[in-house]
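S.K.: From the sequence below, what's the structure:
(2 chains)
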Amino acid sequence: IAGITQAPTSQILAAGRRMTLRCTQDMRHNAMYWYRQDLGLGLRLIHYSNTAGTTGKGEVPDGYSVSRANTDDFPLTLASAVPSQTSVYFCASSRAENEKLFFGSGTQLSVL
Amino acid sequence: QKEVEQNSGPLSVPEGAIASLNCTYSDRVSQSFFWYRQYSGKSPELIMSIYSNGDKEDGRFTAQLNKASQYVSLLIRDSQPSDSATYLCAVNFAFTGNQFYFGTGTSLTVIP
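M.R.: Numbering: from 1, shown residues only, chains lettered A, B, ... in the order given. Presented below is the predicted three-dimensional model:
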């Protein structure tokens, strides 16, 4: 089934550890995004990429990095996790800029 | 002030009634507007997109956009219990490099 695959589904991580959340799409969408969702704060954009080889910062980029080596993959890395990064992380994609987003199933991350 | 604001609710309507969900956004040049539905523990899924002033209808759903008032709404006619979910408003602002900003969502409960 075409769509967006995120891994892992959930993870418990010790503070200070490095973690990479994986995101792969098979829809050949140009744009990809990472959001975090927290109760009362809604979805907030972390980083985005409008095309392979380019990335941009969203509303809450600090503590996170991304890369876009090819069209399909958009991993999100936490270099040194902190408890405030406990959240549900959603990867999304769109065919082009300004078009509707398709979301992955999310990663529940707990940093202790 | 957040870029996109919604009443968090909860909003309760009886089955068969019209549910009205509202969203306001900041005074910036905006390009596109989206309504997403999110069931508890699931990822957001697109309901409607609207790009120009006026109404857009799709089945039981109608999106209304008024750029002068910085206001976008979603009407759900003949509400069903299966419509019970959180509804997220998203706006793509121009000159942001393709960043989608989300409201915090309105929780809707349709009472049988």
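S.K.: Please enumerate the strands of chain B.
M.R.: In chain B, the strands defined using DSSP state E lie at B:4-6, B:11-14, B:19-25, B:30-38, B:45-50, B:54-58, B:61-66, B:71-76, B:85-93, B:100-102, B:106-111.
S.K.: in what helix or strand does the residue nearest to the spatial centre of chain A lie?
M.R.: Per Cα atoms, centre = their mean, the C-alpha nearest to the average position across chain A is that of A:W34, at 3.0 Å. Element membership of A:W34, judged by DSSP states H and E, is strand A:31-38.
S.K.: So in that sheet, which strands flank that strand, and in what orientation?
M.R.: strand A:42-49 (antiparallel), strand A:87-94 (antiparallel) (DSSP bridges).
S.K.: CSV for those strands, including mean neighbour count and mean pLDDT?
M.R.: For the C-beta atoms, the positions are set from N, CA and C on the backbone; glycine is no exception. Formatted as CSV, those follow (neighbours: other Cβ atoms under 10 Å in any protein chain shown; pLDDT from 0 to 100):
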stretch, mean neighbour count, mean pLDDT
strand A:42-49, 23, 95
strand A:87-94, 23, 97
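S.K.: Of these, which is nearest B:R28?
M.R.: Minimum separation from B:R28 across those (Cβ to Cβ) falls at strand A:42-49, 15.0 Å.
S.K.: Give me the distance from the helix or strand that the closest one is followed by to the chain's centre.
M.R.: Toward the C-terminus, strand A:42-49 is succeeded by strand A:56-57 as the next helix or strand (DSSP H and E). How far strand A:56-57 lies from its chain's middle: 12 Å, per Cα atoms, centre = their mean, to the nearest Å.
S.K.: repeat for stretch A:99-106
M.R.: Centroid displacement of stretch A:99-106 relative to its chain, using Cα atoms, centre = their mean, is 11 Å.
S.K.: Same question for stretch A:46-53.
M.R.: On Cα atoms, centre = their mean, the centre of stretch A:46-53 falls 10 Å from the chain's centre.
S.K.: got the residues of chain B near chain A?
M.R.: Residues of chain B lying near chain A by Cβ under 8 Å from any Cβ of the partner chain: B:8, B:31-32, B:34, B:36, B:42-46, B:49, B:88, B:90, B:92, B:97-105.
S.K.: mind showing which ranges of the chain have poor pLDDT?
M.R.: Here I'm looking at chain A. Of all residues in chain A, those with pLDDT under 70 make up the ranges A:1-2.
S.K.: my bad, chain B
M.R.: Along chain B, segments meeting pLDDT under 70 span B:1.
S.K.: switch the cut-off to 50
M.R.: Applying pLDDT under 50 to chain B picks out no residues at all.
S.K.: picking that back up, if we compare the strands of chain B, which one ends up closest to A:G106?
M.R.: Nearest to A:G106, of the strands of chain B and by Cβ to Cβ, is strand B:30-38 at 10.3 Å.
S.K.: hang on, the earlier thing: please identify which of the strands paired with strand A:31-38 is closest to A:S65.
M.R.: Between A:S65 and these, the shortest gap by Cβ to Cβ is with strand A:42-49, which sits at 7.6 Å.
S.K.: Now A:Q85. Its backbone dihedrals?
M.R.: The phi/psi pair for A:Q85 (degrees, to the nearest 10) reads phi -90, psi 0.
S.K.: and the nearest residue to it once chain neighbours are set aside, what is it in contact with?
M.R.: Using Cβ to Cβ, 6 or more residues apart in numbering or on different chains and skipping the chain neighbours, the partner closest in space to A:Q85 is A:V111 (5.2 Å). Applying Cβ atoms under 8 Å, 6 or more residues apart in numbering or on different chains, we find A:V111 in contact with A:13-15, A:81-86.
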